[in-house]
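> Return atomic coordinates for the entry below.
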Amino acid sequence: MPIVPLYGHAALRERLASAAATGRLPASVLLHGPSGVGKQRLGLWLGALLLCESSPAPCGRCQSCRYAAELAHPDLHWIFPRPRLKDADAGAEEVRQDYAEAISERLAAGGLYARPSGTEGIYVATVRSIVQRAAISPAMAKRKVFVIGDAERMVPQEGSDMAANAFLKLLEEPPADTTLIVTSSEPGALLPTIRSRVVSLRVPPLGEADLRAFLADPLVRDALEKEPVPKSDAERVALAGGAPGTLFGGGERDAARDGAKRILDAAESGDRAAALRIAFQQGATRARGRFTDTLDALEGLLHDRARTKVARGDERGAESAARAVDAVEQARERAAGNVSPNLVTAELMRRLGERR
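Sure thing, here's the model as predicted:
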């Protein structure tokens, strides 16, 4: 069964296809943007384009395109965060088997999946496997493509300098028959040495028309009908905020939205004690996973507020909401660095409170 097609991103797809057709596509690309906008699906689409046997590509009909759509192409490698293997020194075959099982699960779900938990990562054994597979000739096509999702979850470990250096060398000078497509919702959290070796392209949220087309897809509709509380398409469009992948987050998505509401309510109430409690609930470690999801949900709430203000002709309110969105974006940038989530939240709530 093929995975759900890629919806939206027409301008970016045209740009990537043109670059590939004229030989201008960089060997190492970073696709970055909000969580759930389809960065990894876009990376898989680009992989299919590069492996397609026909023109214009991807044709969707040739053997390579059919295999890519079913996540079965031997030269299209999809890497994403996974639980740590019991054997820290797992070999390439163990890593390959683990990913084969994980990809089978995603394929069975039509390529619709929740964001990996905060305990999952891209560990050293996986990095070694990537480097080893990149050195091998393509099995079927003229090139190999690696799509590395949520690359900010690449976990540096003590004693892994050799693997890390090999991966950085691979990014800087991939084999002539290899393309590396890295994706991240937190590009600021990537190692600076990785960011310096890739060409960055921002993947924006989907527009409403593309989002509704996605929701009309039979695979998507079947998956969403399993929700414990059914929603209308209008509710899902509002909830997604241009990022359809967030609709499959289940309880984590709802928790992020609840957390965002608490932050906004406390900041605007002027209740300093409540604001401090919420800030210090965010934890003191480097921001990942849930905290970033909360910031994404908060930005979505503020975008909804801005649209409502504009519809009502409230220019002052719309400007205030837009400034709040800027504050959240700056908070996300700080959170991606070495600043603890509780300090980021405290400063963000102070700025949001100034808008009252």
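> For stretch 247-260, the averaged confidence score.
Stretch 247-260 carries an average pLDDT of 74.
> P205 sits in which helix or strand?
P205 is part of no helix or strand, with elements assigned from DSSP states H and E.
> That one - how many residues pack around it?
The tally of other residues near P205 (other C-beta atoms under 10 Å) stands at 20. No exception for glycine: its C-beta is placed from N, CA and C like everyone else's.
> In this structure it contacts K39, no?
No - using C-beta atoms under 8 Å, P205 is not in contact with K39; the gap is 11.2 Å.
> Could you name every residue contacting both of these two?
Here P205 and K39 have G33 as joint contacts, going by C-beta atoms under 8 Å, 6 or more residues apart in numbering.
> who touches G317 in this structure?
So G317 contacts 305, 309 (C-beta under 8 Å, 6+ apart).
> roughly how far apart are it and V95?
52 Å (C-beta to C-beta, to the nearest Å).
> Same check on D293?
For D293, the distance to V95 - C-beta to C-beta - is 27 Å.
> for V4, same thing?
26 Å.
> Of these two, give the one with the bigger neighbour count.
More neighbours surround V95 than the other of V4 and V95, with 22 against 19 (other C-beta under 10 Å).
> got the contact list for the more buried one?
85, 125-126, 128-129.
> what helix or strand does it sit in?
Assigned by DSSP H and E, V95 falls in helix 92-108.
> Show me what counts as buried in stretch 209-221.
210-211, 214-215, 217, 219-220 (16 or more other C-beta atoms under 10 Å).
> Kindly report the same for stretch 303-320.
Quick answer for stretch 303-320 (16+ other C-beta under 10 Å): 303, 305-306, 309, 317-318, 320.
> Which single one of these is nearest to D265?
Taking C-beta to C-beta as the measure, D265 lies nearest R305 of the buried residues of stretch 303-320, at 12.6 Å.
> so that closest one touches E319, yeah?
No - contact criterion C-beta under 8 Å: R305 and E319 do not qualify, at 11.6 Å.
> ok, back up a step: check which helices and strands whichever helix or strand comes after the helix holding V95 sits against.
Next helix or strand after helix 92-108 toward the C-terminus (DSSP H and E): helix 124-134. Secondary-structure packing of helix 124-134 (3 or more C-beta pairs under 8 Å, 6 or more residues apart in numbering; DSSP states H and E): strand 76-79, helix 92-108, strand 144-148, helix 161-172.
> Could you chop this structure up by domain?
10-202, 250-353 (automatic domain parsing).
> how about the strands in this protein?
28-32, 76-79, 144-148, 178-184, 199-202 (DSSP state E).
> Would you format those as TSV with distance to E268 included?
Listed next are the strands of the chain as TSV, based on distance: least, C-beta to C-beta, whole Å:
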stretch	distance to E268
strand 28-32	30
strand 76-79	42
strand 144-148	39
strand 178-184	31
strand 199-202	30
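> Put together CSV for those, with distance to A48 and mean pLDDT on each row.
Below are these laid out as CSV (distance: least, C-beta to C-beta, whole Å; pLDDT from 0 to 100):
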stretch, distance to A48, mean pLDDT
strand 28-32, 15, 97
strand 76-79, 7, 98
strand 144-148, 9, 97
strand 178-184, 11, 96
strand 199-202, 17, 96
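> Can I get the ones you listed in JSON lines including mean neighbour count?
JSON lines is the format used below for those (neighbours: other C-beta atoms under 10 Å):
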{"stretch": "strand 28-32", "mean neighbour count": "22"}
{"stretch": "strand 76-79", "mean neighbour count": "22"}
{"stretch": "strand 144-148", "mean neighbour count": "25"}
{"stretch": "strand 178-184", "mean neighbour count": "25"}
{"stretch": "strand 199-202", "mean neighbour count": "14"}
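> Which among the helices and strands packed on helix 124-134 is found nearest to I194?
helix 161-172 (6.5 Å).
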